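> pasting the sequence and the predicted model now:
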Amino acid sequence: MSLSAYIPIVGLLALGAAFALFSVSIAPIVGPRRYNRAKLDAYECGIEPSPQPVGGGRFPVKFYLTAMLFIVFDIEIIFLYPWAVSFNKLALFGFVEMVLFIATVFVAYAYVWRRGGLDWD
Amino acid sequence: MSHQLLLAEAVGAMKGGEATAFWILAPLAVIGAIGMVWARNAVHSALFLVVTMMCLGVFYIIQAGPFIGFAQIIVYTGAIMMLFLFVLMLVGRDSTDSLIETLRGQRMAAIVLGIGFAVLVGTGLFRALGSVNSAGLDAANTKHGGNVQGLAELLFTKYVFAFEVTSALLITAAVGAMLLAHIERRKEDRRSQPEMMRQRFAPGSYPAPKPGPGVFATSDSVATPARLPDGSTADRSISKILPTRELTSAEAAPKGTEK
Amino acid sequence: MLAATSSLDQFSHDPWWLVLIKIVGVFAFLVVMTLFTIWYERRVVGRMQVRPGPNRNGPFGLLQSLADGIKLAFKEEVIPKTADKVVYFFAPVISAVCAFTAFAVIPLGPVVSMFGHHTPLQLTDVPVAVLLILACSSMGVYGVVLAGWASGSTYPLLGGLRSSAQMISYEVAMGLSIVAVFMTAGSMSTSDIVASQANGSQAQFFGLTFTMPSWYALLLFPSFLIYFVSAVGETNRAPFDLPEAESELVGGFHTEYSSFKFAMFFLAEYINMVTVSALCTTLFLGGWRAPAPITTFWAGANSGWWPMLWFTIKVLLLLFVFIWLRGTLPRLRYDQFMRFGWKVLIPVNLVWIVALAGLRTLQNSGLESQIKTYIMVGTVLVIAAVWVLWPAKEKPTAASGVEGIDPGGRVGGAGGFPVPPLDLEVPPSPRAPRLSVDREPVPAGTVAGDQSATEQEGR
């Protein structure tokens, strides 16, 4: 497999980037520009904007847990892909080791579930 | 001398496209790394790191390891850097590093030691890898019928123990995240939706939307409370985040919407 | 495997001008599809809501979205003064670029003759093509989260936060649902997956030979279902459109965006919809291959440029389902939505993968067919036994909505909040005599009626 199969991907990426950059940069030139101090405020449905976004632009810590779980499962998926592709070659041995792997990750998942890490309110 | 010759040979052996991609992406990766250190804003630092990670992913693809390349992009830039971003946003967008030095002269020492370490590692690598002929992955990829298949063959036979141990690592990660970030709540504290609804409609609380500020008021300023039908003012129509305050002259001035 | 490698090799032999033509072609396809889909959505939702939808610009209003796009270009661009200027500028670009790039590996048709060259109707294909799409969608999250953060405003921040959490949650389900396809096709390249859905394989059950359906949507139905649900979640579409819940968050992460920057997000959203539909077609619906009845009486349906028609029709049908969902279902609550993703889709997916792998391992093993049958039946029986004997959770006494309302018609005692009487009869509207002729007035509070109905069913 030579690298030339990847060149069209880069080409499409470049064309997409050129289009996006061009149109985003051209818009302020084409469009009108009328200064208004109120327009530059953060939009909060017409009331005076709150001085700072919630908590100074902070995210709740809950999302850290979601991101961490996402990493765990992402890595599991990355291991599952090559296993799935050569599934027929790996036969019974591959099946058993993957069941072990999934079961072990499932322990982590069950722990998080049990402790209420997947609950939102 | 011989090292240089070998390097030149290696460069010559690289295909034209590979070399071009390398010389475009390598500076980009270095700029990303330097930018990560230099950026004042933590989120900008993380974004520079994303650039470096992306470049590394593309390097892997160029070196005939497409699976590991895309895994790098999906796992590192897609998942791990997203976690970094989340953590940085936990801290808040306006927080910057404090630039007060607590250790006197540590910056100078760090620069000297850093350069020394870089030289050491660079020479070590150069001497170690200078005489190595890179075989490339092409032979291995064709032998197993593809990069992914070859990877699977090795991962699930020879390195199966390491693979299974990874799952233990993942458990550790999940448990660690739970310990760090999870706020345990007792069963009694949890309220179901019907309970919350009932509480909302319970006597003493006012379930309907509050009157909007400025509605039936003498002015349309947000700071002016609404008036109830009997003419008294409804203080709860003003948002709690708005302190009672006098408008500054700049705020009281016309906004310039009309000329 | 050798055959597959050689089929992939044909993608490296295009001359540069042909590659250029294909790139521009794919780009044009995506832009046209976006313009068309916006119109399509507005018309279909309009029909569902008994109104015509846009019908002024061009034939059937087809040029409406083009007009809207051009109008956006001539609108003033407002950058809030609290925004982080650089990140604010690049967020829509990231979104659009990721959306465009993902389409590079979608197969639109078989090998055709283009200006004297034989070339596949696909921009390119690599052994890990599906991973490229996943990588693009995981990079697309950056556009959303950075847009929300860089706006320096409350609503976008909350919207970006919700959006990113939602996208990463549903990416897991999406990634897992594809595993079964890889397992069955034995490849990650899109053209190989389409090729492997050409003919159904033979399978033996109880001594009888069956031809399995060739489409993975039928063969791997749970995967197909989970893929589609997570694709709706991944593209932030109704009923999972919490990031832009208008009643709560104004517009979500792009509240502060205007002019062409907003158009970029809009474009990216619709291209993403087209891409997930195209990927769904490729992975589960046989790709560009004509559906079964057509090929039996028309052998040429799978050659030349015709397959592009089948492909487009399949994609448009899937897009119709997206729109249908939007027209039918109300938005989920955020906790229900996250619970559905993490507690339903992921475990079901893992169990399904393990079950499928077990089944296939059994099929590939050299055991006699009788023993295979015994093992299968035994496993099913064991699972059924566990299911039946599992200690049932005692159900909490269901709190009905009527409980707690006192006869005075107030919730929470005499001083509580008034509610309308539950046996209120809605009088027939005098302006709709046609509709009310053969319809009896229905009591508004049908709780009691429902209970008696279920009781009757129980008997």
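Everything's here; your move.
> quick one, phi/psi of C:L62?
As for C:L62, its main-chain torsions (degrees, to the nearest 10) stand at phi -60, psi -30.
> ok, it - contacts?
C:36, C:39 (CB atoms under 8 Å, 6 or more residues apart in numbering or on different chains). Backbone N, C-alpha and C define where each C-beta goes, glycine included.
> with the one 4 residues further on instead?
Taking CB under 8 Å, 6+ apart as the definition of contact, the neighbours of C:L66 are C:35, C:57-58.
> try it again at 7 Å.
Contacts for C:L66 (CB atoms under 7 Å, 6 or more residues apart in numbering or on different chains) come out as C:L35.
> name the element it belongs to?
Element membership for C:L66, per DSSP states H and E: helix C:64-73.
> please, where are all the helices along the stretch 101-250 of chain C?
Along the stretch 101-250 of chain C, counting by DSSP state H, counting those that start in this stretch, helices occupy C:129-150, C:154-185, C:190-196, C:216-219, C:221-234, C:246-249.
> got it, and the stretch 301-450 of chain C?
So, for the stretch 301-450 of chain C - with DSSP H, counting those that start in this stretch - the helices run C:306-328, C:334-339, C:346-364, C:369-389, C:433-436, C:447-458.
> for chain B, what lies in contact range of chain C?
Chain B comes close to chain C at residues B:43, B:66-67, B:70, B:73-74, B:77-78, B:82, B:85, B:89, B:93, B:145-149, B:194, B:198, B:201-203, B:207, as judged by CB under 7 Å from any CB of the partner chain.
> now do residue 28: how many residues are near it, please.
You didn't say which chain, so I picked chain A. 15 (other CB atoms under 10 Å in any protein chain shown).
> you answered for a different chain; I wanted chain C.
The number of residues packed near C:A28 is 10, by other CB under 10 Å.
> please tell me how far it sits from chain B.
Distance, C:A28 to chain B, by CB to the nearest CB, to the nearest Å: 27 Å.
> which SSE is that residue in?
helix C:16-48.
> which one is C:D335 nearest to, not counting chain neighbours?
A:W120 (3.7 Å; CB to CB, 6 or more residues apart in numbering or on different chains).
> wasn't that neighbour part of a helix?
No. Counting by DSSP: H, G, I helix; E, B strand; the rest coil, one finds A:W120 to be coil, located in no helix.
> what's the neighbour count on it?
The number of residues near A:W120, taken as other CB under 10 Å, comes to 15.
> swap in B:L83?
Around B:L83 there are 19 residues (other CB under 10 Å).
> and whichever strand or helix holds it with chain A, contact?
If you go by DSSP H and E, B:L83 is part of helix B:81-91. Yes. Using CB under 7 Å from any CB, a contact is recorded between helix B:81-91 and chain A, made by B:82-83, B:86-87, B:89-90.
> that helix: which residues count as buried?
B:81-90 (16 or more other CB atoms under 10 Å in any protein chain shown).
> contact partners of it?
Counting by CB under 7 Å, 6+ apart, A:57-59, A:61, A:63-64, A:67-68, A:71, B:42-43, B:46, B:49-50, B:53, C:141, C:145, C:149, C:164, C:168 sit against helix B:81-91.
> now do the contacts for C:V229.
By CB under 7 Å, 6+ apart, the neighbours of C:V229 are C:L345.
> name the residues that touch stretch B:53-66?
With contact meaning CB under 7 Å, 6+ apart, stretch B:53-66 is reached by A:3, A:6, B:18, B:21, B:25, B:28-29, B:32, B:68-69, B:72-73, B:76-77, B:81, B:136-138, B:141, B:147, C:126-128.
> cutoff 8 Å now
A:1, A:3, A:6, B:18, B:21-22, B:25-26, B:28-29, B:32, B:68-70, B:72-73, B:76-77, B:81, B:136-138, B:141, B:147, C:126-128, C:131.
> pull out the buried residues from these.
Using 16+ other CB under 10 Å, the buried ones in those are A:1, A:3, A:6, B:18, B:21-22, B:25, B:29, B:32, B:68-70, B:72-73, B:76-77, B:81, B:137, B:141, B:147, C:126-128, C:131.
> so which elements touch the helix or strand where B:G114 lies?
For B:G114, the host element (DSSP H and E) is helix B:106-130. When contacts are defined as 3 or more CB pairs under 8 Å, 6 or more residues apart in numbering or on different chains; DSSP states H and E, helix B:106-130 sits against helix B:2-13.
> whichever strand or helix holds C:F266 vs chain A: in contact?
Using DSSP H and E, the element containing C:F266 is helix C:259-284. Yes. Helix C:259-284 comes into contact with chain A (CB under 8 Å from any CB of the partner chain), by way of C:259-261, C:263-264.
> buried sites along the following helix or strand past that helix?
For helix C:259-284, the following helix or strand on the C-terminal side (DSSP H and E) is helix C:292-297. Buried residues in helix C:292-297, defined by neighbour count with 16+ other CB under 10 Å: none.
> so what does the helix holding C:A28 touch, helix or strand wise?
helix A:7-30, helix C:64-73, helix C:85-102, strand C:117-121, helix C:259-284, helix C:306-328.
> make a markdown table out of those and add mean pLDDT.
Putting the helices and strands packed on helix C:16-48 into a markdown table (pLDDT from 0 to 100) gives the following:
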| stretch | mean pLDDT |
| --- | --- |
| helix A:7-30 | 88 |
| helix C:64-73 | 88 |
| helix C:85-102 | 90 |
| strand C:117-121 | 80 |
| helix C:259-284 | 90 |
| helix C:306-328 | 90 |
